[in-house]
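Chemist: whatever this is, show me its structure:
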Amino acid sequence: MKYIIGPSHMGSNYTYVVADEIKNKILFDDCILDAYPGLPVWSKHLYTCIRDNFQKNNEVYWLVSDYKFNNFDYDTIIELQKENELFIDTKGSPGNVSRDFLEEHHIETLGNHALQVIDFIIREFPAIKLIFWCLYKRTKANADSSYPKHLWYDEIKKRYQKNIIDIDLFTTPEEFNNQIIDEGAHPNADGFRLLNSMFVT
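Modeler: Now for the predicted structure:
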């Protein structure tokens, strides 16, 4: 069984466009889709779900959220870093990006903390597979991203080359923009078919 966890992108509010293909096991056959709107990388619930599914001997795939999700955790994360802690007891929520924490230094702090979390999860669960769907949109399909360069998709791809499912092997930035419905990178029907192809490789 494949367990796929991520933000709203995999939720029924969006997968309904391929509901018949899912029902007929054309897409996401033998998959558990576990979606939480606005799920931040530093969610303790996320870690628990990953751990529990590895204990069940499921294959685990993580659709990694944008660094900005739950960006109002910024002050809490500053405190966490002082204590060498990683996780916050939250599942996130819809619309959880605050305009008050979108400056470059906010993104850098949140992104660096997210990388620490990802590093930890890989150390704990070396077989996990990562799909940086949101980041692909932010820093590759959008060529003028304001994110710090070390947080761009191509840099992250090198950092996590042993665990990443590389979107570049399945599409191009130009095609990707035709496989989503909005700036949040929520997939359209072709986008879900693209994701499915990544899970069956």
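
Chemist: the longest helix along the chain packs against which elements?
Modeler: Scanning the chain for the helix with the most residues, using DSSP state H, yields helix 104-124. The elements that helix 104-124 packs onto, with contact taken as 3 or more Cβ pairs under 8 Å, 6 or more residues apart in numbering; DSSP states H and E, are helix 44-55, helix 74-82. C-beta: built from backbone N, CA, C; applies to glycine.

Chemist: how many residues are close by Val192?
Modeler: That one is not Val; residue 192 is Phe. 22 (other Cβ atoms under 10 Å).

Chemist: any idea of the mean pLDDT in the next helix-or-strand element following the longest helix of the chain?
Modeler: Past helix 104-124, further along toward the C-terminus, the next helix or strand under DSSP states H and E is strand 129-131. Model confidence over strand 129-131, given as mean pLDDT, is 98.

Chemist: so what touches strand 129-131?
Modeler: Applying Cβ atoms under 8 Å, 6 or more residues apart in numbering, the set of residues contacting strand 129-131 from outside is 6, 59-64, 118, 160, 163-165, 167, 195, 198.

Chemist: out of the residues you listed, who has the most neighbours?
Modeler: When neighbours are counted by other Cβ under 10 Å, Leu195 leads the contacts of strand 129-131 with 27 neighbours.

Chemist: mind listing what that residue touches?
Modeler: Applying Cβ under 8 Å, 6+ apart, the residues near Leu195 are Met10, Leu63, Ile131, Trp133, Pro187.
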